[in-house]
Every structure is written in structure tokens, then in C-alpha cells.
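A.B. asks: coords below, sequence missing:
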């Protein structure tokens, strides 16, 4: 057995000496980009009061901010863990595809029963020697998949955080609408009370009181719808965060904060350089190039060797047999797979171009939304809202002095509050567009993250050699 081991070791050193075996320090190079935050659910507490305002607490009763929601999402959104698992899977494949085939050890017998004797009996040791740097190329391909998985992980982080931020600003917009409609309902109720008092005093008309009643009823329905919308926005937010049972009371945020000023040219250049989608597609090109090289060396045969020792009962001799064989690539030179790999390289190269164009297309749409919303917010803040407010004040004074009728007052009030609702919509759209642009127009925080290409075919870990693979050498 010492002889067997020594022989195989000599063969291994001679055949594998030139193997371009690729090695990487995975512990340092392939660290997941963002550490997953682990939070204990017992840290989440609820603080309630009689006002009914939304408030979510996570640390000793503080209101829930956007940054806190992002921390929770990175900890609890299941797609982040899926993306991290895909990265670990790619790292495991990288290790596996570069491993050398296992040797095989076994028992063999020949001419048993000939002349009533036990024949030739002994043991053998076999090994396949992988040539032409195939294992190193396997790992080169797998390393590209690891890098792609890293970019896919970053892509999923963008998707999750963008969805959290979008849901957060939608919730802020829904809360602002509830506040406006609540004020409108209070004003309508005050108008109704005044109209009923005038009617009772004989100074008003019944149609005015009925109109005021209808206005209160309509505003009450609108307010309830707005509250239902706010509730839906909260549920969507907690779903993408990954904690649907999150306690709530008040959200810390303000739609009126100044949005960043963005320029198309600089934004597009930044997006091209930082898009994880583009980087992932570029890694697929590198993978395809290595795959072509791997396909080209596949026809270079591996060496299969077997050495055996037998005892011949008829001659009482101990004999040794050595067999070495290689497949002859006469019919199958892997030409089909080489062609397929070349086609994949063309496809992967065009995919980079497609991803860049898709990014530009989506970014253009979001930038249009940003430009329109920015213009609308500025116009409403500087001109429309002040004009509507002044108009309401003048009409209210005219109505109190008897110069204007109730219908004019009602129309002006509706216009003022509708202008406020439009302003809230513009603010919401502005921040949604900012989130989309700064988040590289990625969304789908609850969609399963895609993984890279499938594993590279590697020698079977339990590769065996049939006992009849080579006829045993006769003494």
C-alpha cells in the first residue's frame, strides 16, 4: 500500500504541477457588502395615546424614523436573506468545482476456480488525473458567479430600501391628506352649524342648510377613505419591512423638507457607474469568456491510471499490474459546447448593452416625474397656495359681511383644500421620484432575488472506475 500511495503521489505531482489552480481569499474578498442587522423582537415596543396618531417605536419609545425602518428591513425582509444565501451557495460551488477527483481503492480477483485454485486475488488503486487546467478554469467561472451574486445582493438591497422609502413617503402623503380632509370636515361642520343657526333665526334658507349637510356628509366619506388609504399604506410599509405586526403610533418624517436638485447628465453618468445591474451583467461576460476557454480544453483527455497487486495461487507469485488510459477525442471534440459557449458570450455582451438601455429608459421616466413634480411643488408653494389662501380669506370676509353668498364661499373652500391636496400629491411624487433616481430605479423588495447561472459541471466527488475498465495484466 505504501507503494501505491507513493506511485499515485508521483503521478499527481507530475500531472498537476502545471495546473493553473486559481485560489482566492474568500474570507476577505467575498464578504457580504452589508452586515445583516439582527434585532430582537422584544425590543419593539408600542407607545399609544388618545390622539390616534401613528407612532411606531423600536427603542425605548422613540418615534419611528426612515432610518429605523431601513434597519428593520435589512434585518427582517426575507429577500435579503435569500440574496445572502445565494452568495453563500456560489461560494460553495466555487470550492466544489475545483476539487480533484477522489481515488478509488478496491478488491479484484481473476481465474477463481481454475484447476480448483483460488486464482489471482489482490487489491488495486485507481485515480483520474485532470489535465489542461480544467479545475482552475472551473473555479475561474465560479468566481465570476460569486461576483455576480455579490452584485445581485446589492441589487436586492437597493430594491428593498427603495420600496421602504417609497412606502414611507406614500404614508407621509396619506397622513397629510388625512390632516387636510379632517380640517375640511371641521370647516364644513362649522358651516353647517352656522347655516342651521341662520335658518332657525329666519335669516338663512333651508337649501343652504341642506347643501351644508351634503357637504359634511361628502367630506366625512372622503376623510374615511383617506384614513383607509393611510391604513393600507402602513400595511404595505410593514410588509416590505418584513415585520407586518410592527406596533405603530407616529411616523417621524416631513414631506416639506427640501428635495435635492438633480441634473440629468450627471445623474446618468453616476447611474451607469454605480448600477449593480450593469455590474452583474458585466460579470456574466467574464464568465462567458472563461466558459469558452473551459470548453476548448475539455477535449484534452484526462489520464486514468490504475495500479494493482495480486497473488497468483497457481504459481505462488505476487504480481503487479499498471494500466494507464486516456479517451481518444476522435468523434467528440466538444465542438458543440464550444459553439454554444461562443454564442453565450455574444448574448452576454448584448445583455450589458440591453441593461444599460433599460436603465436609461427607466431613469428617463423617473427624471420626467421628478422635473414635473419639482416644478409643481415650486409653483404651488410660491404662487398657487398663497393665491388660494388669499382668495379664501377675502371670500370668507365677503360672506360674513353679506356681500357674497354661501355657494361662493363653498366653492372657494373646495378650491383651497383641493389645491392643498394637489400640493401634497406633488410633494409625494417629488420624493418618490427622488427615491427612484437615487435608488437606480430599482423596485420589487418582496420579489425573490434571482441567482447567477447554474453550477459548472465538475468531476463526480465519488467518481468510480468499473472493475472491468481495464483488463488486468496477466502474469
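C.D. replies: Looks like it arrived, so ask away. Because the structure is predicted, anything quoted here is derived from the model rather than measured.
A.B. asks: what are the ranges of the strands in the stretch 301-450 of the chain?
C.D. replies: 303-312, 317-325 (DSSP state E, counting those that start in this stretch).
A.B. asks: so can I have CSV of those showing mean neighbour count and distance to residue 370?
C.D. replies: Yep, even glycine has a C-beta here, placed from its N, CA and C like the rest. Output for these, formatted as CSV (neighbours: other C-beta atoms under 10 Å; distance: least, C-beta to C-beta, whole Å):
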stretch, mean neighbour count, distance to residue 370
strand 303-312, 19, 63
strand 317-325, 14, 68
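A.B. asks: a markdown table for those, including mean pLDDT and distance to residue 215?
C.D. replies: Shown next, in a markdown table, are the strands of the stretch 301-450 of the chain (pLDDT from 0 to 100; distance: least, C-beta to C-beta, whole Å):
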| stretch | mean pLDDT | distance to residue 215 |
| --- | --- | --- |
| strand 303-312 | 91 | 91 |
| strand 317-325 | 90 | 95 |
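A.B. asks: Residue ranges in the stretch 301-450 of the chain under the pLDDT threshold?
C.D. replies: Within the stretch 301-450 of the chain, no range satisfies pLDDT under 70.
A.B. asks: Next, please give the residue ranges for the helices of it.
C.D. replies: Applying DSSP state H, counting those that start in this stretch to the stretch 301-450 of the chain gives helices spanning 335-379, 385-400, 406-438.
A.B. asks: picking that back up, now the strands of the stretch 301-450 of the chain in JSON lines, with distance to residue 338?
C.D. replies: Output for the strands of the stretch 301-450 of the chain, formatted as JSON lines (distance: least, C-beta to C-beta, whole Å):
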{"stretch": "strand 303-312", "distance to residue 338": "22"}
{"stretch": "strand 317-325", "distance to residue 338": "24"}
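A.B. asks: if we compare those strands, which one ends up closest to residue 242?
C.D. replies: Nearest to residue 242, of all the strands of the stretch 301-450 of the chain, is strand 303-312, at 52.2 Å by C-beta to C-beta.
A.B. asks: Which strands or helices does that closest one pack on?
C.D. replies: helix 2-16, strand 104-110, strand 120-129, strand 317-325 (3 or more C-beta pairs under 8 Å, 6 or more residues apart in numbering; DSSP states H and E).
A.B. asks: Lowest mean pLDDT across these, which one is that?
C.D. replies: Comparing these by mean pLDDT, the weakest confidence falls on helix 2-16, with a mean of 43.
A.B. asks: So for residue 80, which of the strands of the stretch 301-450 of the chain sits nearest?
C.D. replies: With distances scored as C-beta to C-beta, the stretch of the strands of the stretch 301-450 of the chain nearest to residue 80 is strand 303-312 (45.9 Å).
A.B. asks: next one: the closest one to chain centre, how far?
C.D. replies: Centroid separation for strand 303-312 versus its chain: 54 Å, with C-alpha atoms, centre = their mean, to the nearest Å.
A.B. asks: Residue 410 contacts residue 214, correct?
C.D. replies: No - Residue 410 is not in contact with residue 214 according to C-beta atoms under 8 Å; the separation is 10.1 Å.
A.B. asks: most packed of the helices of the stretch 301-450 of the chain?
C.D. replies: Neighbour counts (mean count of other C-beta atoms under 10 Å) averaged over each of the helices of the stretch 301-450 of the chain peak at helix 406-438, with a mean of 19.
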